[in-house]
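Visitor: here's my sequence, what's the structure:
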Amino acid sequence: MACAVKLRLEGERCAGHGRCYELAPDVFGEDERGHCRLLREDVPAELQEQARLGVSNCPERAIEIESD
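Guide: Numbers count the residues shown, from 1 in each chain. Here you go, the predicted model:
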């Protein structure tokens, strides 16, 4: 069973490339400027792979994932 994970967004670091929400649309969304917004902070097991893909593709490293 996968451990629960939590996301943290450093919004001021986001430049709006959109990779996160293109690769993981069930976890990340975009705000009115095209910058990342979290659709969920606590990520259920079935979306963790998608979340990790979005996090790992952020060029600014504006999103972090934490294990409980």
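Visitor: now do the helices in the protein.
Guide: Here the chain has its helices, by DSSP state H, at 19-23, 48-56.
Visitor: same list (those) but as TSV, adding mean pLDDT, mean neighbour count and distance to residue 64.
Guide: (Glycine included, C-beta is placed from N, CA and C.) Formatted as TSV, the helices of the chain follow (pLDDT from 0 to 100; neighbours: other C-beta atoms under 10 Å; distance: least, C-beta to C-beta, whole Å):
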stretch	mean pLDDT	mean neighbour count	distance to residue 64
helix 19-23	97	19	12
helix 48-56	96	18	7
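Visitor: as a markdown table, these with distance to residue 39 would be great.
Guide: Compiled in a markdown table, the helices of the chain are given as follows (distance: least, C-beta to C-beta, whole Å):
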| stretch | distance to residue 39 |
| --- | --- |
| helix 19-23 | 9 |
| helix 48-56 | 10 |
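Visitor: so which of those is nearest residue 29?
Guide: Minimum separation from residue 29 across the helices of the chain (C-beta to C-beta) falls at helix 19-23, 5.6 Å.
Visitor: what's the closest one in contact with?
Guide: Contact with helix 19-23 is made by 27-30, 36, 50, 53-55, 57-59, 63, as judged by C-beta atoms under 8 Å, 6 or more residues apart in numbering.
Visitor: tell me where the chain has strands.
Guide: For the chain, the strands defined by DSSP state E occupy 5-9, 28-30, 36-38, 42-43, 63-67.
Visitor: for the ones you listed, could you give me TSV that also reports distance to residue 20, mean neighbour count and mean pLDDT?
Guide: Below are those laid out as TSV (distance: least, C-beta to C-beta, whole Å; neighbours: other C-beta atoms under 10 Å; pLDDT from 0 to 100):
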stretch	distance to residue 20	mean neighbour count	mean pLDDT
strand 5-9	9	17	95
strand 28-30	4	19	98
strand 36-38	5	20	97
strand 42-43	13	18	95
strand 63-67	6	14	88
